[in-house]
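Peer 1: okay, predicted coordinates and the sequence, questions at the end:
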Amino acid sequence: MNPDELKYCPGTLAEGFSTYSPGCIRNVFDGKKVNHILPYDPPQQNEDVAALFMENRKRISISGVQEKLSLRLEKNQLRLTTDGEQGTYILKPIPRDLKKVDQVPANEHLTMQIARQVYAIPTAENALIFFKDGTPAYITKRFDVRKDGGKWGKEDFATLAGKTRDNAGPDFKYNYSYEGIAQLIQQYVPAWRVEMEKFFSLVVFNYLLSNGDAHLKNFSLLESVHGDYLLSPAYDLINTKLHVDDTDFALDKGLFADNFKSSDYRKNNHPSKTDFKEFGRRIGIKESRIDKLLIPFSEKKRSVETLVNHSFLSEPNKRGYLLMYNTKRNYLNA
C-alpha cells in the first residue's frame, strides 16, 4: 500500500482525499492537521512475547495477539509516550499469528466506520495511519482521558460480572451471555432503557459483521460528565471471521442465559430475526422499538457496500468481507 497515492480519507473513507479529511481532523485529531504517515519505522516484533501468547492462548482472541502502543499528540505531531506520560491515542500495528494478518488494521478501521456511519452506533474515534515504509496501523483516540489529562471512570463487564482469570479460569471473559450483560446494565446504569437500545444494536451489529471477539472486556461503562455511568463508545469492532474460524458469538452462552434457540436457529445453526426479537423483549425493550431498531440492519446494504469498496482491504478481502456480511444478513432476515 502506497500512502502517497491515497484516493480515500484514511479516517472517514470519504472519496477524493489524499490525506485526512477535515471531518476526520476535527473529530480524531482535535482540529490539528496530522500527517497520515508516522515518523517511525514499523516496530520490531518481540519473538518471546509472541511465543508466550501462542502457548497460553487456548481460544484465539484478536485483541489477545495485538501489540498496542501509546501515543500523544503534540502540536501536529503524534509521538510515542515516555515513562509516566498519559497517552491519548492507542496505536495497533499489524499483529502476528493470524491468517491475512496484514489486513487486520484495515478490517478494524472499516468495521468501526460501518458501525458509526451506517448504523449510528457511537464508537471510539479512529483512523488508519501508516509507518514510513507504508505499512498500515490502526489508531484510536482514548475516550477515557479527560481534556485536563485526568481519566473518566471506566469499568468493563468482566469486572462488573466479578469474573477474573483467578476465579473463572483462562476463558473468564467468554463465560457469559449477552442477556447477562443486559442484566448488569439494568443494575448499574440509572438511565438503562436508553443505553439498552444502544447495547441491543451493538449485539446485532457484531453478529451481522461477524465480530466473534465481542467478549466481556470489549463492553464497558464510562463515567459521564454528570457522574453517572453510561455504555462507553464501541471499540475493538472487527470482522474476526476474515482471520480465524469463528463462531457467531464470542460469549459461550450466546444471546440467552438459558440457551434459548428459535426454530430457525435450530434449523440453520445461526440466529434469525426471531431470536433477536426475543432477545430484545427479554432485555426490556418494547416490541415497537425492537422492530424499529432492526430495520437499518435489513435496509442499509448499499451503504455498507460503499464503505467496503472505499476501504483499505485488498480486493479479495473486500469480496470476502461482503460475502460474510450478505450471508449473515440473509440469516438475520429469515
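Peer 2: Happy to help now that I have it. Quick caveat, the model's predicted, so the values are computed rather than measured. Residues are numbered from 1 along each chain as shown.

Peer 1: now do the same contact list for the residue lying closest to residue 3 once chain neighbours are set aside.
Peer 2: In this structure, residue 3 finds its nearest non-sequential neighbour in residue 130, 4.1 Å apart by CB to CB, 6 or more residues apart in numbering. Using the backbone N, CA and C atoms, a C-beta is placed for each residue, glycine as well. Contact analysis of residue 130 by CB atoms under 8 Å, 6 or more residues apart in numbering lists 1, 3, 10, 36, 37, 38, 136, 137.

Peer 1: next, count neighbours for residue 284.
Peer 2: Number of residues near residue 284 (other CB atoms under 10 Å) recorded here: 15.

Peer 1: and it, how far is that from residue 100?
Peer 2: For residue 284, the distance to residue 100 (CB to CB, to the nearest Å) stands at 39 Å.

Peer 1: so who does residue 182 touch?
Peer 2: 196, 199, 282, 283, 284.

Peer 1: farthest-apart pair in the residues you listed, please.
Peer 2: 199 and 282 (12.4 Å; CB to CB).

Peer 1: more neighbours: those two, which one.
Peer 2: Counted by other CB under 10 Å, residue 199 and residue 282 do not tie: residue 199 has more neighbours, with 20 against 17.

Peer 1: so that one belongs to a helix, correct?
Peer 2: Yes - under DSSP: H, G, I helix; E, B strand; the rest coil, residue 199 sits within a helix.

Peer 1: ok, and the closest non-adjacent residue to residue 102?
Peer 2: residue 94 (5.6 Å).

Peer 1: go ahead and confirm the one you found touches residue 107.
Peer 2: No - the criterion here is CB atoms under 8 Å, and residue 94 misses it with residue 107 at 10.8 Å.

Peer 1: tell me, how many residues neighbour the residue nearest to residue 320 when sequence neighbours are not counted?
Peer 2: Nearest residue to residue 320, sequence neighbours excluded (CB to CB, 6+ apart): residue 242, at 6.1 Å. Residues within reach of residue 242, counting by other CB under 10 Å, total 21.

Peer 1: quick one: residue 242 and residue 107 touch, right?
Peer 2: Yes - the pair residue 242 / residue 107 is scored as a contact, 5.8 Å apart, by CB under 8 Å.

Peer 1: mutual contacts of these two, please.
Peer 2: Shared contacts of residue 242 and residue 107 (CB under 8 Å, 6+ apart): 317, 321.

Peer 1: buried ones in stretch 243-250, by neighbour count?
Peer 2: Buried residues in stretch 243-250, counted by 16 or more other CB atoms under 10 Å: 243, 244, 246, 248, 249, 250.

Peer 1: and these, which two are furthest apart?
Peer 2: Using CB to CB, these span at most 16.8 Å, a distance reached by 243 and 249.

Peer 1: tell me the mean pLDDT for the helix or strand encompassing residue 129?
Peer 2: In this structure, residue 129 sits in strand 126-130 according to DSSP states H and E. Across strand 126-130, the average pLDDT comes to 98.

Peer 1: for stretch 160-167, same thing?
Peer 2: Average pLDDT, stretch 160-167: 96.

Peer 1: same thing with stretch 31-47?
Peer 2: If you average the pLDDT over stretch 31-47, you get 80.

Peer 1: ok now that stretch, how far from the chain's centre?
Peer 2: Centre-to-centre, stretch 31-47 and its host chain are 21 Å apart (CA atoms, centre = their mean, to the nearest Å).

Peer 1: report the buried residues of it.
Peer 2: In stretch 31-47, counting by 16+ other CB under 10 Å, buried: 34, 36, 37, 38, 40, 42.

Peer 1: before we move on, what about stretch 100-116?
Peer 2: For stretch 100-116, burial by neighbour count (16+ other CB under 10 Å) applies to 103-116.

Peer 1: could you dump the residues you listed into TSV with distance to residue 181, secondary structure and pLDDT added?
Peer 2: Shown next, in TSV, are those (distance: CB to CB, whole Å; DSSP: H, G, I helix; E, B strand; the rest coil; pLDDT from 0 to 100):
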residue	distance to residue 181	secondary structure	pLDDT
103	29	helix	97
104	25	helix	96
105	27	helix	97
106	29	helix	98
107	24	helix	98
108	22	helix	98
109	25	helix	98
110	25	helix	98
111	20	helix	98
112	20	helix	98
113	24	helix	98
114	22	helix	98
115	17	helix	98
116	21	helix	98
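
Peer 1: which of the residues you listed sits closest to residue 311?
Peer 2: Using CB to CB, residue 110 is the member of those that lies nearest residue 311, at 4.1 Å.

Peer 1: find the nearest non-adjacent residue to the closest one, please.
Peer 2: residue 311 (4.1 Å).

Peer 1: quick check: the gap between that neighbour and residue 125.
Peer 2: From residue 311 across to residue 125, the span is 17 Å (CB to CB).

Peer 1: which of those two has more residues huddled nearby?
Peer 2: Between residue 311 and residue 125, residue 311 has the larger neighbour count (other CB under 10 Å), namely 23 against 20.
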